[in-house]
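Colleague: structure for this input, please:
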Amino acid sequence: MEAEANQNRQEAQYAIERLTHYALQQGLIDWWDLDYSRNRLLELFGFDEPFAGEVGEEVLTGPQEPLNVLIDYGVEIGLIPENTDTFRDLLDARIMGLLMPRPSETIAKFRQTAENGGIQAATDEFYKLSVDSNYIRMDRVAQNIYWNQPTSFGDMEITINLSKPEKNPKEIAMAKLLPPPIYPKCQLCRENVGYAGRINHPARQNLRVIPLELNEEPWFFQYSPYVYYNEHCIVFHHDHVPMKLTKLTLKRLLDFTGRFPHYFIGSNADLPIVGGSILTHDHFQGGRHTFPLEKAPIEAVFSHPEFGGVTASMVHWPMSVLRLKGQDPEVLLEAANDLYEKWKAYSDPDAEVLAFSENTEGGSGEPVPHNTVTPIVRRSADGGYEFDIVLRNNRTNEQHPEGIFHPHREMHHIKKENIGLIEVMGLAILPGRLKQELADIAGILSGDAALYERTVSDPAGDSPLAVHADWIKELVSRHGMTLEREQADALLKEEVGRKFAEILGHAGVFKVDEAGREAFRRFVGAAGYQELSS
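Modeller: Numbering: from 1, shown residues only. As a prediction, this is how the structure comes out:
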């Protein structure tokens, strides 16, 4: 037993050497920080002296291997109470936080690189820091299932998200016993930088953020730890203020793309049901990625007499998108805000669009607004600006209590959450549960009759496949149960991709049919636009 303990200690000491040299190679620390960083890790793990043996030359592509050794040793000596993903992640960030430059040093380096090499070089460097420090867990991102699915709107991007670890039932129960969070107020607050985390809040010792000004206001720039797409960044307000879409919001988006022309940026809508997952802290999402929406064809082009040099295009997309294009960001801002204000007050009962409804709760008498937008800005190839205005409405009715323009109930077995900014643009982020569920359904389609009978005989049961029972019966009626496994897997990917396009159609205010396009043109005309001859 003692021999094993000695062996584990030596392996942990060796892991400290490997990790500090990795940090030096990747530029997380400088040569003069090497002894200091080693000593900080020795202190954390209760060692009085470093590894005594020879440390061979190696170049690690990531920190995970020595990190796992150290975390295992941390479990052994009681640095974390339990060997779960949540507690391991807390220790992971604590370790890497000891191998990071101070926030002021990161900011100074970003500004220096931007000044000398340009903003793209600065974001490249900052993104690398976020990956090398294990803040962005590329080992987990690589586990995500991804494919392109051809549809009548172009190729949709489909992901089954496995990068965000799920808490086990015991951890969920523990989190419920904790008092409501007071500090940081949410996961977007600037106070997260360097925070140790807890069972209901992730550790952020290895997070760094860059201050910037948008519309002469203080904001911050960072990367998302889950990178749903290339260089997925988050731009968040200096203060914990709620999201609200105004003309200032649109100006901030244009301001950002003026400073970061290689990135797009967008905002979730600001109303429940059609809004994002965090409405309590004003923020945007951006990055360096070309989404399916950007590549979608144009159906018609319009102009407005008050906004010279700006065109508005109806995009062939399951959601209702008007694309404004122009060279002058100030004129484009006025056009975008005018369109937004007109949409907020627009009603078309024939298309089930009502801008307001009567307030039946609270007795305030103020009508409840329903119309808002999901705005997205990018730079065009000619150096101009493209401003996508995605029309949203959050009404509910008896048939669709979750939302008339929200994934309908027959789609909830695949996706029932809000359709936010990323999915609006054609990238599906589907729940991790689907990995095993689709594998089991593929098994049924390739001959597992017993599983089929158990699923369809008790559609209200506890089986994970119970939510898919109707879909499974439909698939079996159409395709039988004699497919080769590869055929079944390919078929299910196609089916899920098709369903995602349908889900976006549910969220579309004006449908992609004759009546829907007529209704869309009615709004465009009401907003003062006239179609240009082709």
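Colleague: tell me where the stretch 101-250 of the chain has strands.
Modeller: For the stretch 101-250 of the chain, applying DSSP state E, counting those that start in this stretch gives strands covering 145-151, 154-160, 210-214, 217-223, 233-237.
Colleague: who does the first one pair up with?
Modeller: In its sheet, strand 145-151 lies beside strand 154-160 (antiparallel), with partners assigned from DSSP bridges.
Colleague: hmm, who's touching the strand it pairs with?
Modeller: 144-149, 228-229, 291-292, 295-297, 426-432, 434-435, 438, 493, 496-497, 500-501 (Cβ atoms under 8 Å, 6 or more residues apart in numbering). C-beta: built from backbone N, CA, C; applies to glycine.
Colleague: how far off centre is it?
Modeller: Between the centre of strand 154-160 and the centre of its chain there are 14 Å (Cα atoms, centre = their mean, to the nearest Å).
Colleague: for stretch 68-83, same thing?
Modeller: Distance of stretch 68-83 from the chain centroid (Cα atoms, centre = their mean) equals 30 Å.
Colleague: do the same with stretch 181-189
Modeller: 19 Å.
Colleague: for that stretch, list every residue counted as buried.
Modeller: 184, 187, 188, 189 (16 or more other Cβ atoms under 10 Å).
Colleague: now the nearest residue to the third one once chain neighbours are set aside, what's its secondary structure?
Modeller: Spelled out, it's residue 188. Distance criterion Cβ to Cβ, 6 or more residues apart in numbering; nearest residue to residue 188, sequence neighbours excluded, is residue 281 at 4.2 Å. At residue 281 the chain is in coil, as set by DSSP: H, G, I helix; E, B strand; the rest coil.
Colleague: next one: the one 4 residues further on
Modeller: Of the three states, residue 285 takes strand under three-state DSSP.
Colleague: start the count at 829 instead of 1 going forward.
Modeller: Okay, using 829 as the starting number, the last item reads as residue 1113.
Colleague: wait, it touches residue 1054, no?
Modeller: No. Taking contacts as Cβ atoms under 8 Å, residue 1113 lies outside contact range of residue 1054: 11.3 Å.
Colleague: those two: who's more crowded?
Modeller: Taking other Cβ atoms under 10 Å, residue 1113 and residue 1054 do not tie; residue 1113 has more neighbours (22 against 15).
Colleague: can you tell me how far that one is from residue 925?
Modeller: Distance, residue 1113 to residue 925, by Cβ to Cβ, to the nearest Å: 25 Å.
Colleague: and what of residue 1219?
Modeller: According to Cβ to Cβ, residue 1219 and residue 925 sit 44 Å apart.
Colleague: okay, which residue is most central for this structure?
Modeller: Nearest to the mean C-alpha position of the chain, counting by Cα atoms, centre = their mean, stands residue 1056 at 5.2 Å.
Colleague: ok, that residue - contacts?
Modeller: Contact analysis of residue 1056 by Cβ under 8 Å, 6+ apart lists 987, 989, 1250, 1255, 1257.
Colleague: can you pick the most crowded of those?
Modeller: residue 1250 (22 neighbours).
Colleague: helix/strand/coil for it?
Modeller: Residue 1250 ends up helix, using three-state DSSP.
Colleague: re the thing from before, which of the contacts of strand 982-988 are buried?
Modeller: Buried members of the contacts of strand 982-988, counted by 16+ other Cβ under 10 Å: 972, 975, 977, 1056-1057, 1119-1120, 1124, 1254-1258, 1260, 1262-1263, 1266, 1321, 1324-1325, 1328-1329.
Colleague: narrow these to those in strands?
Modeller: Using DSSP state E, the subset of those located in strands is 975, 977, 1255, 1256, 1257, 1258.
Colleague: retrieve the pLDDT associated with the spatially closest residue to the fifth one that is not a sequence neighbour.
Modeller: It refers to residue 1257. Excluding its sequence neighbours, the residue lying closest to residue 1257 (Cβ to Cβ, 6+ apart) is residue 989, at 5.3 Å. At residue 989, the pLDDT value in this model is 88.
Colleague: helix, strand, or coil at residue 875?
Modeller: coil.
Colleague: and it, how many neighbours does it have?
Modeller: For residue 875, using other Cβ under 10 Å, the count is 16.
Colleague: got it, and residue 918?
Modeller: For residue 918, the number of neighbouring residues by other Cβ under 10 Å comes to 22.
Colleague: can you tell me the closest non-neighbouring residue to it?
Modeller: Among residues not flanking residue 918 along the chain, residue 1031 sits closest, at 4.6 Å (Cβ to Cβ, 6+ apart).
Colleague: how close does that neighbour sit to residue 1021?
Modeller: Counting by Cβ to Cβ - residue 1031 and residue 1021 are separated by 11 Å.
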